[in-house]
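Colleague: Next come a sequence and a model predicted from it.
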Amino acid sequence: MSQNSDKISIKDFPKSFISVIVLIIFLAVFMIWDQSYWWESRDEYSFGYLVPLFALYVIYDRKELILSLLTKVDGSSSADQKANGLWICNFIALSGFIAGVFLYLVGGLLRVATMPQNPATLAISMGFALMLLSSVFIFSSETIYEEKIVLKNRLKLTFLFLFPALIWLISAPLVSVLETKIRVFLLTQVTIIVFTLMDFLGFEIERQGNVLVLPKGVVGVEEACSGIRSLTACLFAGSFLASVYLSKFWKKIVLVLMAMVFAVLTNLFRSGFLTLWAYFYGSEAINDHWVLPIIGDIGSVHDVMGMAVLLLTTIGLLCLLPILNFDLNKFLNKLADTDSSK
């Protein structure tokens, strides 16, 4: 039994559904207010302003699938569902919900009582993710017609909300200690790799910590060059593209991992290019502005290369989409049909 989703209105949903939706919206608004501090104050998280819009778009894009699962009635008995591990999933969902409430309350109280801080924001984000996913599973035990939904469909419905739930963990800053360690690690690796490559190619260069000594000055590989900024932005872009354009879970994981790889590689290209620019034109030339004949001033060399990192990564991810979506069996069947028609 299923009803056309176009004919379904909010009045058709049980009051428990509506109550949960209102609660989730309220929790999301508070979380957005908290994270907006970081989006405004830190450049590497400025992409966060897009996160609410993209999360809503993903839900809207999956509206038909969500409604179809909430209106689909299956004849499986409750005994069959228990045999498939329903009680285990319910226990995990309930535990996740309780943990989510605890984290959100601790983070929320900490945020209200003090100034914005990383642990509070991270706790709120993790709590929201756990509560959203757990709520979807717990409150989807019945369709809007009060008929049982089988376990498989409840899990499918929960997975449809993975992006709207987990994307907030990327737009929120990590705990300061962990973030600092990641920055220092990336910073050191970038410096070592750029120095090693230029030294191997025969350039006159010397490394002093995170400072590269060149014939025409020195270049300090600062925190902005660690790649943490491009890494978070590229993770967001990869997660969104994977969520919207890929169906299988393993393909989504591959695209997100490739987003991280592309971010690291393009940042190495950026750092190497800036070092070469400073080698030939002097260290101060990195801050010189490029002026194009028609467009005019497009920004400093440093800023332009920073934007190039995001552009190159996005192009790389877009090129991977048709590869990951390629269906070999479908292609072979099409070839077989073409041959038979001849």
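Modeller: It's in.
Colleague: for this protein, what spans make up the helices?
Modeller: 15-41, 51-61, 63-71, 78-83, 86-113, 118-138, 151-159, 162-166, 168-171, 176-200, 228-245, 249-281, 301-324, 328-341 (DSSP state H).
Colleague: quick one: buried residues of stretch 164-181?
Modeller: Buried residues in stretch 164-181, counted by 16 or more other C-beta atoms under 10 Å: 164, 165, 166, 167, 168, 170, 171, 172, 173, 174. Where C-beta positions appear, they are placed from N, C-alpha and C, glycine not excepted.
Colleague: Quote the end-to-end distance of it.
Modeller: One end of stretch 164-181 to the other measures 28 Å (C-alpha to C-alpha, to the nearest Å).
Colleague: Mean confidence (pLDDT) on it, please.
Modeller: Averaging pLDDT along stretch 164-181 gives 80.
Colleague: again, but for stretch 269-282
Modeller: Averaged over stretch 269-282, pLDDT sits at 82.
Colleague: Export only the CA atoms of it, formatted as CSV.
Modeller: The C-alpha trace of stretch 269-282 is given here as CSV (Å, rounded to 0.1, in the frame of the first residue of the first chain):
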residue,chain,number,x,y,z
PHE,A,269,51.2,22.3,-6.0
ARG,A,270,50.2,25.7,-4.5
SER,A,271,53.0,25.7,-2.0
GLY,A,272,55.6,24.6,-4.6
PHE,A,273,54.4,27.2,-7.1
LEU,A,274,54.6,30.0,-4.5
THR,A,275,58.1,28.9,-3.5
LEU,A,276,59.2,28.9,-7.2
TRP,A,277,57.6,32.4,-7.7
ALA,A,278,59.5,33.7,-4.7
TYR,A,279,62.7,32.0,-5.9
PHE,A,280,62.7,33.8,-9.2
TYR,A,281,61.0,37.1,-8.3
GLY,A,282,61.7,37.5,-4.6
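Colleague: Distance from it to the middle of the chain?
Modeller: Here stretch 269-282 shows a centroid-to-chain-centroid distance of 31 Å under the convention C-alpha atoms, centre = their mean, to the nearest Å.
Colleague: What residues sit buried inside it?
Modeller: So for stretch 269-282, counting by 16+ other C-beta under 10 Å, buried means 270, 271, 274, 275, 277, 278, 279.
Colleague: Check what pLDDT the residue lying closest to the last one once chain neighbours are set aside gets.
Modeller: What sits nearest to residue 279 in space, not counting adjacent residues and going by C-beta to C-beta, 6 or more residues apart in numbering, is residue 214, at 5.0 Å. You'll see residue 214 listed with a pLDDT of 81.
Colleague: list the contacts for residue 214?
Modeller: By C-beta atoms under 8 Å, 6 or more residues apart in numbering, the residues touching residue 214 are 204, 205, 275, 278, 279, 283.
Colleague: Hmm, the last one is touching residue 216, no?
Modeller: Yes - in terms of C-beta atoms under 8 Å, residue 283 counts as a neighbour of residue 216; the distance is 6.6 Å.
Colleague: just for the stretch 1-150 of the chain, where's the confidence low?
Modeller: 1-14, 16, 72-84, 142-147 (pLDDT under 70).
Colleague: do that again at 80, thanks
Modeller: Applying pLDDT under 80 to the stretch 1-150 of the chain flags residues 1-18, 43-44, 70-87, 140-150.
Colleague: and the residue nearest the centre of the chain, what pLDDT?
Modeller: For the chain, residue 236 is the residue whose C-alpha lies nearest the centre (C-alpha atoms, centre = their mean; 3.3 Å). Confidence at residue 236, expressed as pLDDT, is 85.
Colleague: what about residue 283 and residue 216, which has more around it?
Modeller: residue 283 (19 against 13; other C-beta atoms under 10 Å).
Colleague: tell me the domain boundaries of this protein?
Modeller: Structurally, the chain divides into domains by automatic domain parsing as follows: 5-171, 176-327.
Colleague: And for residue 33, the neighbour number?
Modeller: 11.
Colleague: and the gap between it and residue 312?
Modeller: Using C-beta to C-beta, to the nearest Å, residue 33 is found at 34 Å from residue 312.
Colleague: got it, and residue 274?
Modeller: With C-beta to C-beta as the criterion, residue 274 and residue 312 are 15 Å apart.
Colleague: Please apply the same query to residue 190.
Modeller: Using C-beta to C-beta, one gets 16 Å for the distance from residue 190 to residue 312.
Colleague: And for residue 273?
Modeller: Where residue 312 is concerned, residue 273 sits at a distance of 11 Å (C-beta to C-beta).
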